[in-house]
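Student: Mind looking at a prediction? Sequence and model below.
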Amino acid sequence: MNKRVLNSIIILAIATGSGMAFAGADEPMDDIQAQELPQTPPGEANQPERPEDAAEDKCDQQPTDRSMMEVVQSGTFEYSCRAVRWFDSLFGDDHDFREEEMYGRVSLGTAWNQYDGLHPSLRFRLRTDLPNVSSQWNAFIGRVDEEDFIRNTETTQDSAFRRGINDSEQPEWLFGLGYKSRKPGEPGWDFGVGIRLRFPPEPYVRATYQRDWRLATNHDLRFRQTVFARYHKGYGTTTSIDTARELSENDILRFEVIGTLADYTEGVDWWAAHTWYHRLAPQRGISLRSFARGRTEGEVNLTEYGFELSWRRQLNREWLFLNAGPTLTWPRYRADEKRQASWGVAVLLEMDFGYYLN
């Protein structure tokens, strides 16, 4: 991807929480727009090892103060780190578990509108290497919308209002392994396998081909084609196209189209959105998204369209973000109902954790 556009997207993503950076298509944590992870923990690259460091447990991340948010953030990392390290140790101890390459995000939000009412949500995503399981695969564990995650139909913008193109969210705990056969920026395939962590467990597999183009010095295009299969449900494919254009140092326009066809759904589920991102100040910005979605063979082809205005800012910690704003939509799911305006509001609090924050 063009370096100029990429730098602008990263800056605006921090300010607006847009999740615009073009990440790997089947990378389990592709919605976490974190800083690039260092190969070694910050501050350790050129320092000799001290005797006391040998006994230091890198899963221990002490809070900087005793405030509730600091305790929650450091505790989330510590318990996640110990659990993943224990799982990796079940496959041997030939390779050292790199705690500094584990990172994640917890999102707590709620959305209310006149049509659907109140919908609180809790999401958790964790990505890590498992060196004793495999040197070529990374692991994912999360509480996500099962259908959107497996079909790869999650939208690019983090929001409590809508995270994917499904009619309703079905959060589930999933565990998966992802393999990337290509280098960043190169065309190629990514692969993933996983399972739902409840009874009955339901495995899935998916493979994604991705290719990026530079259309101009300030304009980039990404194409993704995903094929997936779910046990006891069936198989399908998802096509995703999105493009980002830099208008100025503080403004970016993005357009995305997603369509998915599965043998257990009627017709093609589709989503189209256009988003303007504007940076107001460092660590603060707004975004305005217009969207439409529907199903080609549904009772109503155009099920919803509308607008979402989001204001995002970093709070009093570098790892804590607030995203909030109003929504105005016109939903219609049944042929016998009248399409009417539905006002709403969405609020999302995001907490990142991992060594990259240090």
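Tutor: That came through, no problem.

Student: Identify the residue nearest residue 230 in space, chain neighbours excluded?
Tutor: Among residues not flanking residue 230 along the chain, residue 204 sits closest, at 4.8 Å (Cβ to Cβ, 6 or more residues apart in numbering). From N, CA and C alone the C-beta is placed, and that goes for glycine too.

Student: where exactly do the helices run in this structure?
Tutor: 3-16, 68-89, 146-151 (DSSP state H).

Student: Show me which residues of the second one are buried.
Tutor: Going by neighbour count (16 or more other Cβ atoms under 10 Å), the buried part of helix 68-89 is 69-70, 73-74, 76-78, 80-81, 84-85, 87-88.

Student: and of the residues you listed, the nearest to residue 229?
Tutor: residue 87 (25.1 Å; Cβ to Cβ).

Student: Lowest average confidence across the helices of the chain, which one?
Tutor: Least confidently modelled of the helices of the chain is helix 3-16, at a mean of 45 by mean pLDDT.

Student: Specify the beta-bridge partners of residue 255.
Tutor: residue 243, residue 274 (DSSP bridges).

Student: isn't it right next to residue 276, touching?
Tutor: No: using Cβ atoms under 8 Å, residue 255 makes no contact with residue 276, being 10.4 Å away.

Student: Identify the contacts common to the two.
Tutor: By Cβ atoms under 8 Å, 6 or more residues apart in numbering, residue 255 and residue 276 have no common neighbours.

Student: Leaving out sequence neighbours, find the closest residue to residue 81.
Tutor: What sits nearest to residue 81 in space, not counting adjacent residues and going by Cβ to Cβ, 6+ apart, is residue 59, at 3.7 Å.

Student: With residue 112 instead?
Tutor: Nearest residue to residue 112, sequence neighbours excluded (Cβ to Cβ, 6+ apart): residue 118, at 4.7 Å.

Student: Give me the distance between the one you found and residue 324.
Tutor: According to Cβ to Cβ, to the nearest Å, residue 118 and residue 324 sit 15 Å apart.

Student: Contact partners for the nearest residue to residue 270 once chain neighbours are set aside?
Tutor: Spatial nearest neighbour of residue 270, excluding adjacent residues (Cβ to Cβ, 6+ apart): residue 259 at 4.5 Å. The contact partners of residue 259, taken as Cβ under 8 Å, 6+ apart, are 238-240, 268-271.

Student: Across the sheet, point out what pairs with residue 259.
Tutor: residue 239, residue 270.

Student: so what pLDDT did it get?
Tutor: So residue 259 comes in at 96 (pLDDT).

Student: Distance-wise, check it relative to residue 206.
Tutor: Taking Cβ to Cβ as the measure, residue 259 falls 16 Å from residue 206.

Student: where does the chain have low pLDDT?
Tutor: Counting by pLDDT under 70, the chain shows low-confidence ranges at 1-55, 167-169, 356-358.

Student: Which parts of it are strands?
Tutor: 103-113, 117-129, 137-145, 171-180, 188-196, 203-216, 219-230, 234-248, 251-262, 268-281, 284-295, 302-314, 320-329, 342-354 (DSSP state E).

Student: So what touches the fifth one?
Tutor: With contact meaning Cβ under 8 Å, 6+ apart, strand 188-196 is reached by 24-28, 140, 146, 150, 172-182, 201-210.

Student: relative to strand 219-230, how tilted is that strand?
Tutor: If you take axes from the mean of the first three to the mean of the last three Cα atoms, to 10 degrees, strand 188-196 sits at 40 degrees to strand 219-230.

Student: for the longest one, same thing?
Tutor: Angle of strand 234-248 versus strand 219-230, following the same axes, to 10 degrees, is 160 degrees.

Student: And the second one, by the same measure?
Tutor: Strand 117-129 runs at 90 degrees relative to strand 219-230, counting by the same axes, to 10 degrees.

Student: Does anything pack onto strand 117-129? Which helices or strands?
Tutor: helix 68-89, strand 103-113, strand 137-145, strand 171-180 (3 or more Cβ pairs under 8 Å, 6 or more residues apart in numbering; DSSP states H and E).

Student: Of the ones you listed, which is nearest residue 165?
Tutor: strand 137-145 (10.1 Å).

Student: Quick check: neighbours of the closest one in the sheet, parallel or antiparallel?
Tutor: Here strand 137-145 is paired, per DSSP bridges, with strand 117-129 (antiparallel), strand 171-180 (antiparallel).

Student: quick one: buried residues of that strand?
Tutor: Going by neighbour count (16+ other Cβ under 10 Å), the buried part of strand 137-145 is 137-145.

Student: Pipe those residues into JSON lines and attach distance to residue 303 per row.
Tutor: Output for the buried residues of strand 137-145, formatted as JSON lines (distance: Cβ to Cβ, whole Å):
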{"residue": "137", "distance to residue 303": "37"}
{"residue": "138", "distance to residue 303": "35"}
{"residue": "139", "distance to residue 303": "35"}
{"residue": "140", "distance to residue 303": "30"}
{"residue": "141", "distance to residue 303": "32"}
{"residue": "142", "distance to residue 303": "27"}
{"residue": "143", "distance to residue 303": "26"}
{"residue": "144", "distance to residue 303": "22"}
{"residue": "145", "distance to residue 303": "17"}
